[in-house]
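Asker: structure, please.
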Amino acid sequence: MPKRSSKAGPKKQEDEAQAAVRIMETIAEKSEARDIPPDVSAAAAALGRRGGLKGGPARAAALSPKKRAEIAKKAAAARWKNR
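Answerer: Predicted structure coming up:
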């Protein structure tokens, strides 16, 4: 009986799922290498918060009292809807 070859046979082709996993792992490795430094994201968060703190009062000042009351009634109705 002949001995088996020490070399493996032809490589199996990977299916679509295996190819997708391999591609996603490659993308994940590349994105980890390009992480944003923490000080940059903290600065961006501070800018977003600053704009958010201005937005509500500016919107309220731009609305008429009648429109503000309508919005408040609608919000109250939504809060109490499921009680």
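
Asker: contact partners of the lowest-mean-pLDDT helix or strand in the chain?
Answerer: Sorting the helices and strands of the chain by mean pLDDT, DSSP states H and E puts helix 38-62 at the bottom, at a mean of 79. With Cβ atoms under 8 Å, 6 or more residues apart in numbering as the test, helix 38-62 has contacts from residue 68. C-beta coordinates here come from the backbone N, C-alpha and C atoms, glycine included.

Asker: which outside residues touch stretch 15-28?
Answerer: Contacts for stretch 15-28 (Cβ under 8 Å, 6+ apart): residue 14.

Asker: what about dumping the CA coordinates of that stretch to CSV?
Answerer: Presented in CSV, the C-alpha positions along stretch 15-28 are these (Å, rounded to 0.1, in the frame of the first residue of the first chain):
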residue,chain,number,x,y,z
ASP,A,15,-17.8,29.6,0.1
GLU,A,16,-19.5,33.0,0.2
ALA,A,17,-19.9,33.1,4.0
GLN,A,18,-16.3,32.3,4.6
ALA,A,19,-15.3,35.0,2.1
ALA,A,20,-17.5,37.5,3.8
VAL,A,21,-16.0,36.7,7.2
ARG,A,22,-12.5,37.0,5.9
ILE,A,23,-13.3,40.4,4.3
MET,A,24,-15.0,41.8,7.4
GLU,A,25,-12.0,40.7,9.5
THR,A,26,-9.7,42.5,7.2
ILE,A,27,-11.8,45.7,7.3
ALA,A,28,-11.9,45.5,11.1
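
Asker: state the next helix or strand along the chain beyond the least confident helix or strand of the chain.
Answerer: Sequence order places helix 65-80 as the next helix or strand after helix 38-62, per DSSP states H and E.

Asker: report the rounded mean pLDDT for that following helix.
Answerer: Throughout helix 65-80, pLDDT has a mean value of 94.

Asker: tell me the angle of that helix relative to helix 38-62?
Answerer: Compare the direction of helix 65-80 with that of helix 38-62 by axes from the mean of the first three to the mean of the last three Cα atoms, to 10 degrees and you get 120 degrees.
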